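*Asks:* Next input, structure requested:
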Amino acid sequence: MKTVIIGGVAGGASAAARLRRLQEQGDIIIIERGEYVSFANCGLPYYIGGAITQREALTLQTPESFKARFNIDVRVKHEAIAIDPASKEITIQNIDTSETYTESYDNLILSPGAEPIRPNINGMDSGIVFTLRNIPDTLKIKAYIKSEKPKHAVVVGGGYIGVEMAENLKEAGLEVSIVELADHLIAPLDLDMAADVHHYITKNGIQLYLNNGVKEISGNTVVLQNGTIHTDMVIMSVGVRPETSLAQGCGISLNRRGSIVVDRQMKTNIPGIYAVGDAVEVQDFVANTPAFIPLAGPANKQGRIAADNIAGFPSEYTGTQGSAVLKLFDMTVATTGLNEKSAQAAGIDYDKTYIYSAPHATYYPGGTSMSVKALWNKKTLKLIGAQVVGFDGVDKRVDVLATAIRFGAKITDLTQLELCYAPPFGSAKDPINMLGFVAENIVTGKIKQFFWHDVETLPQDGSVTLLDVRTVTETACGKIDGFIHIPLDSLREHIHEIPKGKPVYVHCHSGLRSYIACRILTGHGYECYNLAGGWRLYESVVNAHTVPAYICTECK
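*Replies:* Okay, the predicted model is just below:
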């Protein structure tokens, strides 16, 4: 039995190693057109920035180590140029010699990955323009920085890789600007959660050009839709597309995006041919719709599943939910599941809530509060998405929420989770529990919400009461126009000043004390609405150019 694998990075390398562990006998061949196999794509920006100092650390396996440990024949700088499914043969070209030859197979796994999108604009072929997808790209950028000593770089595209590149170019000593066509960085985030990222990244000296795009690159000038930037180098990071021309050439089914269509066993429409990784169409685990979600974790799992099925161990891939995490200087940004845009596109009637919570016991030194947002299906109450932005403990909270989504938990089930607690690590009521408590209050009707985007439409004609229950010190950080101020601890003695028979819209700093205020007011016969996420979220989103609430030292 001979298995040939085209592409030797995440999915392909994982499939090869798994298959050998399951089948000691039989030939396994990896065909890789690049110079390296099993390298760490996700580590490439950190080599440029200097956090990873040894180039060898980026390569998890070599052709020699694959042969020694797994008896796998790895052929780097060999490119598969055609597949003949009828004869089960592949035409391969040796890139160094241009010699071509054929290789037969019993089973074939395609793992060609994705390629960077290169916009059709003037100047893309300039010597100052780079993309980052593999080790040669990385070495080229590193060499350019060393030899040309650029002072400024423009990163075009504010996704995960673009933001990571911006951080690492800054760490390498360059001034950096990010140009992003959308209104916020990191597309899996909603705008309200990206706002803290915008404040923090600009605080660290990176300039943002949002709602803007590149028209052309002329010499050392990047011409934008609105404005120009003088720069010494440009990193194009506007996304990737599946690299599937080889599959298309042999009749494998592709979707409209160009991704390879596979079933849950990673089989294509042609018997004996499997496909894994960034080149394949996946099923969105939450929305249950076809999707393109190029991530390393899913690619590795898919490679393992393809190998299982070839070896006779039935295995299925159940979908991708898009769990991802990003380091940005000291900040951590993490997401899982759907955001509001994708939930709306899927036609899901959802609700949402926010908390602003410390990562561990507040009396224990250190720790900065994190912004947490959760979405759930109103009909089933199932958790469908979560986003967390903060500094400590972000990744472990999103991992818990990702697990909850995977196992079909309701938002209210979060109240029941028994999570580890000690003052340096968490709280007796963990932020995950608190998220569940807040949502449970909404679901059971104990509290009604309004949101930052509702504030501008609230009537100012006296038909409702707008109430700010923060402390006097906190109001020094800023106020929302039209809200009267009565601190929470004085509310009962001043409650007679609030007109009866009118809805009351209340806010505090984060939403916790305004919830308490709403319970007091409800107990006195008022109809009350709480500003989800509080003033700090409103201020962060609406007043993007002011000092954000989480930085204001007077605010609690």
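
*Asks:* Okay, strands next: where are they in the stretch 151-300 of the chain?
*Replies:* Using DSSP state E, counting those that start in this stretch, the strands found in the stretch 151-300 of the chain span residues 152-156, 175-179, 207-209, 214-218, 221-224, 228-230, 233-236, 240-242, 273-275, 282-283, 290-291.

*Asks:* In the fourth one, which residues are buried?
*Replies:* Burial within strand 214-218, assessed by neighbour count using 16 or more other C-beta atoms under 10 Å, is assigned to 214-215, 217. For every residue, glycine as well, the C-beta is placed using N, CA and C.

*Asks:* Kindly indicate which of these lies nearest residue 364.
*Replies:* residue 214 (46.6 Å; C-beta to C-beta).

*Asks:* give the contact list for the residue nearest to that closest one when sequence neighbours are not counted.
*Replies:* Nearest residue to residue 214 in three dimensions, chain neighbours excluded: residue 156, at 5.4 Å (C-beta to C-beta, 6 or more residues apart in numbering). Taking C-beta atoms under 8 Å, 6 or more residues apart in numbering as the contact definition, residue 156 lies against 119, 162, 179, 214, 222, 234-238.

*Asks:* which residue packs closest to residue 46, ignoring adjacent ones?
*Replies:* Per C-beta to C-beta, 6+ apart, closest to residue 46 is residue 52, 4.6 Å.

*Asks:* What pLDDT is listed against the one you found?
*Replies:* pLDDT, residue 52: 90.

*Asks:* Sketch out the low-pLDDT regions of this protein for me.
*Replies:* Applying pLDDT under 70 to the chain flags residues 544-556.

*Asks:* The same query, at a cut-off of 80, please.
*Replies:* Counting by pLDDT under 80, the chain shows low-confidence ranges at 40, 544-556.

*Asks:* Nearest the geometric middle of it, what residue?
*Replies:* Taking C-alpha atoms, centre = their mean, the centroid of the chain lies closest to residue 324, which sits 4.3 Å from it.

*Asks:* Can you name the residues bridging to it?
*Replies:* residue 335 (DSSP bridges).

*Asks:* Distance of it relative to residue 188?
*Replies:* Distance, residue 324 to residue 188, using C-beta to C-beta, to the nearest Å: 7 Å.

*Asks:* list the residues that contact both of those two?
*Replies:* residue 335.

*Asks:* about what we covered before: quick one, which of the strands of the stretch 151-300 of the chain is packed in tightest?
*Replies:* strand 273-275 (a mean of 27; mean count of other C-beta atoms under 10 Å).

*Asks:* Identify the residue spatially nearest to residue 361, adjacent ones excluded.
*Replies:* Leaving out its chain neighbours, residue 361 is closest to residue 423 (C-beta to C-beta, 6+ apart), at 4.0 Å.

*Asks:* quick one: which helix or strand includes that neighbour?
*Replies:* For residue 423, there is no host helix or strand (DSSP states H and E).

*Asks:* How many residues are close by it?
*Replies:* 14 (other C-beta atoms under 10 Å).

*Asks:* Quick check, it in contact with residue 362.
*Replies:* No. At 9.3 Å, residue 423 and residue 362 do not qualify as touching, with contact defined as C-beta atoms under 8 Å.

*Asks:* The residue nearest to the centre of the chain and residue 239: what is the separation?
*Replies:* Counting by C-beta to C-beta - residue 324 and residue 239 are separated by 14 Å.

*Asks:* distance of the nearest residue to residue 161 once chain neighbours are set aside from residue 208?
*Replies:* Take residue 161 and drop its neighbours on the chain: the residue closest to it by C-beta to C-beta, 6+ apart is residue 237, 5.0 Å away. Look at residue 237 and residue 208: by C-beta to C-beta, they are 14 Å apart.

*Asks:* what comes up buried for stretch 477-492?
*Replies:* 477-478, 480, 483, 486-488, 491.

*Asks:* nope, stretch 67-87 is what I meant
*Replies:* Those would be 70, 72-76, 78-80, 83, 85, for stretch 67-87 by 16+ other C-beta under 10 Å.

*Asks:* And that stretch, end to end?
*Replies:* 28 Å (C-alpha to C-alpha, to the nearest Å).

*Asks:* Make 37 the first number, not 1, from now on.
*Replies:* Sure, I'll start numbering at 37, so the last one becomes stretch 103-123.

*Asks:* picking up where we left off before, element containing the residue nearest to residue 82?
*Replies:* Here residue 88 is assigned to no helix or strand, by DSSP H and E.

*Asks:* quick one, what contacts it?
*Replies:* Taking C-beta under 8 Å, 6+ apart, one finds 79, 82, 94 in contact with residue 88.

*Asks:* Go through the residues you listed and flag which are in helices.
*Replies:* Of the contacts of residue 88, the ones assigned to helices by DSSP state H are residue 82.

*Asks:* re earlier: okay, now the residue nearest to residue 197: neighbour count?
*Replies:* Residue 273 has 28 nearby residues by other C-beta under 10 Å.

*Asks:* Give me the distance from stretch 326-346 to the chain's centre.
*Replies:* 18 Å (C-alpha atoms, centre = their mean, to the nearest Å).

*Asks:* got it, and stretch 527-535?
*Replies:* What separates the centre of stretch 527-535 from the centre of its chain is 45 Å, taken as C-alpha atoms, centre = their mean.

*Asks:* if I pick residue 173, what's in contact with it?
*Replies:* Taking C-beta under 8 Å, 6+ apart as the test, what residue 173 contacts is 80, 166-167.

*Asks:* same thing but at 10 Å, please
*Replies:* 80, 84, 152, 166-167, 271 (C-beta atoms under 10 Å, 6 or more residues apart in numbering).

*Asks:* likewise residue 55?
*Replies:* Counting by C-beta under 10 Å, 6+ apart, residue 55 makes contact with 37, 39, 41, 62, 64, 106, 108, 143, 145, 339-340, 342-344, 346-347.

*Asks:* Likewise for residue 495?
*Replies:* 502, 518, 538-539, 541.

*Asks:* closest to residue 444 among the residues you listed?
*Replies:* Using C-beta to C-beta, these come closest to residue 444 at residue 541, 34.7 Å.

*Asks:* Just send the contacts of residue 192 back as TSV, with distance to residue 550 too.
*Replies:* Shown next, in TSV, are these (distance: C-beta to C-beta, whole Å):
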residue	distance to residue 550
155	46
198	36
215	38
250	43
258	45
270	46
271	43
272	45
273	40
274	41
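
*Asks:* which one of the residues you listed sits closest to residue 175?
*Replies:* After measuring the contacts of residue 192 against residue 175 - C-beta to C-beta - the closest member comes out as residue 271, at 14.5 Å.

*Asks:* Noted, bye for now.
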